[in-house]
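Chemist: got a sequence here, can you build the structure:
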Amino acid sequence: MEIRRLEVFCKVVDLKSFTKAAEASYLSQPTVSEHIRILEETFEGKLLERHGRTVRPTAVGKVLYDYARRIIQLKDDTFQAIETFKGEVSGQLVIGSGNIPGIYMLPSIIASFKNRYPSVKLTLKISDSTDILTKLMENQIEMAILGADFPDNRLELKHVFSDEFVLVVPPDHKWAKKKSINLKDVLSEPLILRERGAGSRLTLAKKLESLGLDFKTLNIVAELGSVEAIKQGIKAGIGISIMSSMICRDEACQKKLLCIPFEGDGFKRDISLAKRKHHVFSPVADEFYRHLQMEMEKFQHAKKCS
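Modeler: Numbers count the residues shown, from 1 in each chain. I've put the predicted structure just below:
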């Protein structure tokens, strides 16, 4: 059984399409179909079935997919381990991230990693935390950087960063001169938040729950799909927001928005690296994790207004 056939099969499952799998694998569609036919003969059973315009694995196909992923990963790990032994880290790494760490933290960290290991092909997929978690469990990515704490026993979480949430208001807001604010005072104010599934929204809901408050009582006037849209909404006077201090740091330095910390111990959340439980990192993933830890320490202290 050729590993290449397993790679093609996994590509069809991942993309839910023979046509897309053919394009991604640089093969003709008949060639992809032939690979699948040979696998079905080998395992004496149907592996894929059509549901409308999409292709999904059968029960037997799901079993093969799980083992095929392990075989492919072992092959990749073998080549990476040999390259590492020779003194050069190389290979492919696909990671996922929620919007905040993916946009405001990881680009500079990935750039420094690429400068150090130019032979590594690194792909970053950014989406809301719920979608990234799904991709992680489906083995589409090897690790994820998430800002929400998911109580999932299929995951292993490692803390990498402490993120502070603040109240973000326009410069002419009634609270503009406040040094800090009580979270309870914000509940009735018009709020702009991220859409459902966003890690920041889940974090806020858990924080309110810990204080005996109900998320449903918030006066949410708008739900937007990106943090940049939320910042524009604040500037336009639609409402105020609770978000990571990283998001509004540049605007705060330029006095375009104000970031007001919360009273007491503040409002913090962990940014964590998530991986599937018992999954052993590939050599390149292991090296990236070490690099991430070092860079996060620098990041924690470096971001201040100049």
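Chemist: now the helices: where do they sit in the stretch 51-200 of the chain?
Modeler: 59-85, 99-104, 106-116, 129-137, 183-186, 199-210 (DSSP state H, counting those that start in this stretch).
Chemist: run a quick neighbour tally on residue 201.
Modeler: 21 (other C-beta atoms under 10 Å). From N, CA and C alone the C-beta is placed, and that goes for glycine too.
Chemist: please disregard the earlier target; I meant residue 283.
Modeler: 21.
Chemist: of the helices of the stretch 51-200 of the chain, which approaches residue 263 most closely?
Modeler: Closest to residue 263 of the helices of the stretch 51-200 of the chain is helix 183-186 (C-beta to C-beta; 7.7 Å).
Chemist: low-confidence ranges in the stretch 151-300 of the chain?
Modeler: 299-300 (pLDDT under 70).
Chemist: just for the stretch 1-150 of the chain, where's the confidence low?
Modeler: Counting by pLDDT under 70, the stretch 1-150 of the chain shows low-confidence ranges at 1, 84-88, 148-150.
Chemist: what comes up buried for stretch 4-12?
Modeler: When burial is assessed from 16 or more other C-beta atoms under 10 Å, stretch 4-12 yields the following buried residues: 5-12.
Chemist: between these, which is nearest residue 92?
Modeler: residue 7 (12.3 Å).
Chemist: please tabulate the buried residues of stretch 4-12 in TSV, including the columns distance to residue 106 and secondary structure.
Modeler: Formatted as TSV, the buried residues of stretch 4-12 follow (distance: C-beta to C-beta, whole Å; DSSP: H, G, I helix; E, B strand; the rest coil):
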residue	distance to residue 106	secondary structure
5	34	helix
6	30	helix
7	27	helix
8	31	helix
9	31	helix
10	26	helix
11	26	helix
12	30	helix
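Chemist: next, work out how far apart residue 95 and residue 172 are.
Modeler: 41 Å (C-beta to C-beta, to the nearest Å).
Chemist: hmm, back to that, show me the one of the helices of the stretch 51-200 of the chain that comes nearest residue 286.
Modeler: So among the helices of the stretch 51-200 of the chain, helix 59-85 is nearest, using C-beta to C-beta, at 9.0 Å.
Chemist: so which elements touch the closest one?
Modeler: helix 3-15, helix 29-43, strand 91-97, helix 283-302 (3 or more C-beta pairs under 8 Å, 6 or more residues apart in numbering; DSSP states H and E).
Chemist: out of those, deepest packed?
Modeler: Stretch with highest mean neighbour count among those: strand 91-97 (a mean of 22; mean count of other C-beta atoms under 10 Å).
Chemist: mind giving me the domain split of the chain?
Modeler: The chain breaks down by automatic domain parsing into domains covering 1-87, 162-270.
Chemist: nearest to residue 102, of those domains?
Modeler: Nearest of the domains of the chain (C-beta to C-beta): domain 162-270, 10.4 Å.
Chemist: of the buried residues of stretch 4-12, which is the nearest to residue 130?
Modeler: Of these, the one sitting nearest to residue 130 (C-beta to C-beta) turns out to be residue 10, at 23.0 Å.
Chemist: how about that closest one, what does it touch?
Modeler: Residues near residue 10 by C-beta atoms under 8 Å, 6 or more residues apart in numbering: 65, 68-69, 72.
Chemist: quick check: it vs residue 45, distance?
Modeler: Taken as C-beta to C-beta, the span from residue 10 to residue 45 is 17 Å.
Chemist: so who does the closest residue in space to residue 167 that isn't next to it in sequence touch?
Modeler: Setting aside the residues directly before and after it, residue 167 is nearest to residue 260 in space (C-beta to C-beta, 6 or more residues apart in numbering), at 4.4 Å. Contacts for residue 260 were tallied using C-beta under 8 Å, 6+ apart; they are 166-169, 175, 178-181.
Chemist: pull out the buried members of these.
Modeler: 166-169, 178, 181.
Chemist: pick out the residue nearest the middle of the protein.
Modeler: residue 97 (1.8 Å; C-alpha atoms, centre = their mean).
Chemist: what's across from it in the sheet?
Modeler: In this entry, residue 97 is beta-bridged to residue 126, residue 145, by DSSP bridges.
Chemist: that one touches residue 106, doesn't it?
Modeler: Yes. Counting by C-beta atoms under 8 Å, residue 106 is a contact partner of residue 97 at 5.7 Å.
Chemist: re earlier: dump the helices of the stretch 51-200 of the chain into TSV; add distance to residue 31 as well.
Modeler: Below are the helices of the stretch 51-200 of the chain laid out as TSV (distance: least, C-beta to C-beta, whole Å):
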stretch	distance to residue 31
helix 59-85	18
helix 99-104	35
helix 106-116	33
helix 129-137	27
helix 183-186	59
helix 199-210	41
